[in-house]
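> kindly return the folded structure for what I paste below:
(2 chains)
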Amino acid sequence: MLQAVTSDATNAPPAIPQAAAPAARDLEAFLDAVGPRAFRFAEASLRHREDALDAVQDAMLRMLRYEDRPAEEWSPLFWRVLRSRIVDTQRRRGFRLRWLAPADTDGREPDWADESPDPARRHEGREAWTRLAAALARLPRRQREAFTLRVLEELDVADTALAMGCSEGSVKTHLSRARQALQRQLEDWT
Amino acid sequence: MTHPRDTFDARARDAHRAALDALSPGVRAQLRRRTRLALAGEAAGRDSRVAAPRWGWIAAPAMALALAFALPRPGAEDTAPSAPVAVAPASEMELAAPLEQDPDFYLWLASADAVALAANRR
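Got it, this is the predicted structure:
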């Protein structure tokens, strides 16, 4: 039931400073761990670096409300909050692009700074993620969320349903359709 | 035998893991800073891209109001007869300025022609 990130935050050996620290310190560790994953999730949905960072920060801010909840609930709550914040940004941006401003182009390419000494491996990794991110971006939002949360973030079905605000059956349906669509786009991956 | 679905998922996870490892130092620093800001209770900063629609919401009704008052309305002559009167004196005053220095103008004002003209304008 627990996501890897939450497990890391809650099942770590209780060192003395952590045990004596207030709950915020545990939440801080959770947010530090989930930050990069949250950024990639937001970046794949919004395709804009600053918007993605804003969404992550606001989701983290809202998590302060749930600081007193058991740590195992943080992960689905966080993804639910972040998902909602991303939808808000997409709606605002839709209005902005239609009426007030030209399309933004910043951040269309994923942030990438692989320092691997092997250029071939570096290129391969970047290309694989760029292709996956582009394929995800072409999916309907619910399918993209189901695949990202269930497969990439490795939430179980119940937590994915909680994060997406839908039934477990809907998660399975969205995930199945997402897989079909992605496999069509990335035929050489199977 | 491995199911193609598992192969696909594993490939996607590998790509995702590589993407997490390849985050730039700049984005990592931003994430650390923004985590601290969030824990301190600060929402994400609103830059001009976000502010633009807000100004749009304020500016659009203001411009509409300004246009509504500035444009001539149909039937305005019937309801606002003072409008031409407000313009006419300014132009007449400009035209009359040199006459103030002319003694003949005052002689003409006392004549029957001026009286008759004033009676016609009423």
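> and A:Val56, what does it touch?
Residues near A:Val56 by CB atoms under 8 Å, 6 or more residues apart in numbering or on different chains: A:35, A:38-39, A:42, A:82, B:31, B:34. Where C-beta positions appear, they are placed from N, C-alpha and C, glycine not excepted.
> which one of these sits closest to A:Thr89?
Checking these against A:Thr89 with CB to CB, the nearest one is A:Ala42 at 8.4 Å.
> quickly note the distance from that closest one to A:Gly125.
20 Å (CB to CB, to the nearest Å).
> okay, the two: which has more neighbours?
Neighbour count, other CB atoms under 10 Å in any protein chain shown: between A:Ala42 and A:Gly125, A:Ala42 has more, with 24 against 21.
> could you say which helix or strand contains that one?
Using DSSP states H and E, A:Ala42 falls within helix A:23-46.
> how about B:Ala119?
Assessed by DSSP H and E, B:Ala119 sits inside helix B:112-121.
> export that helix as PDB, just CAs?
Output of helix B:112-121 as PDB, limited to C-alpha atoms (Å, rounded to 0.1, in the frame of the first residue of the first chain):
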ATOM      1  CA  ALA B 112     -29.400  97.800 -34.400                       C
ATOM      2  CA  ASP B 113     -27.700  95.000 -36.500                       C
ATOM      3  CA  ALA B 114     -26.300  93.300 -33.300                       C
ATOM      4  CA  VAL B 115     -29.700  93.600 -31.500                       C
ATOM      5  CA  ALA B 116     -31.500  92.100 -34.500                       C
ATOM      6  CA  LEU B 117     -28.900  89.200 -34.700                       C
ATOM      7  CA  ALA B 118     -29.300  88.500 -31.000                       C
ATOM      8  CA  ALA B 119     -33.100  88.400 -31.300                       C
ATOM      9  CA  ASN B 120     -32.800  85.900 -34.200                       C
ATOM     10  CA  ARG B 121     -30.500  83.500 -32.300                       C
END
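> please point out which parts of that helix sit buried.
By neighbour count with 16 or more other CB atoms under 10 Å in any protein chain shown, helix B:112-121 contains no buried residues.
> stretch A:158-166 now?
Neighbour counts over stretch A:158-166 (16+ other CB under 10 Å) mark A:159-164, A:166 as buried.
> before we move on, what about stretch A:31-48?
By 16+ other CB under 10 Å, the buried positions in stretch A:31-48 come out as A:31-32, A:34-48.
> worst mean pLDDT across the helices and strands of chain A, which element?
Across the helices and strands of chain A, mean confidence by mean pLDDT, DSSP states H and E is lowest for helix A:16-20: a mean of 35.
> out of everything not next to it in sequence, what's closest to residue 28?
Reading this off chain A. Excluding the flanking residues, the one nearest A:Glu28 by CB to CB, 6 or more residues apart in numbering or on different chains is B:Leu39, at 5.9 Å.
> you answered for a different chain; I wanted chain B.
Nearest to B:Arg28 is A:Pro36, by CB to CB, 6+ apart, at 7.3 Å.
> now A:Val151
B:Asp9 (5.1 Å).
> for the one you found, give me the pLDDT.
On pLDDT, B:Asp9 comes in at 96.
> equivalent analysis for A:Trp189, please.
So A:Trp189 comes in at 92 (pLDDT).
> what's around it, how many residues?
A:Trp189: 20 surrounding residues under other CB under 10 Å.
> and it, what does it touch?
So A:Trp189 contacts A:183, B:7-8, B:11-12 (CB under 8 Å, 6+ apart).
> next: B:Ala18.
By CB under 8 Å, 6+ apart, the residues touching B:Ala18 are A:114, A:125-126, A:128-129.
> chain B next: which of those are close?
When CB under 8 Å from any CB of the partner chain is applied, the members of the contacts of B:Ala18 adjacent to chain B are A:114, A:125-126, A:128-129.
> identify the farthest-apart pair in the residues you listed.
Farthest pair in the ones next to chain B among the contacts of B:Ala18 (CB to CB) is A:Asp114 and A:Ala128. Separation: 11.4 Å.
> buried ones in the helix or strand B:Ala29 falls within?
Per DSSP H and E, B:Ala29 falls inside helix B:25-39. Neighbour counts over helix B:25-39 (16+ other CB under 10 Å) mark B:27, B:30-31, B:34-35, B:37-39 as buried.
> got those as CSV, with distance to A:Glu154 and pLDDT columns?
Formatted as CSV, those follow (distance: CB to CB, whole Å; pLDDT from 0 to 100):
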residue, distance to A:Glu154, pLDDT
B:Val27, 22, 96
B:Gln30, 25, 97
B:Leu31, 20, 97
B:Arg34, 24, 97
B:Thr35, 22, 96
B:Leu37, 28, 96
B:Ala38, 24, 96
B:Leu39, 26, 94
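> okay, the ones next to chain B among the contacts of B:Ala18 in JSON lines with pLDDT next?
Shown next, in JSON lines, are the ones next to chain B among the contacts of B:Ala18 (pLDDT from 0 to 100):
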{"residue": "A:Asp114", "pLDDT": "69"}
{"residue": "A:Gly125", "pLDDT": "89"}
{"residue": "A:Arg126", "pLDDT": "91"}
{"residue": "A:Ala128", "pLDDT": "95"}
{"residue": "A:Trp129", "pLDDT": "94"}
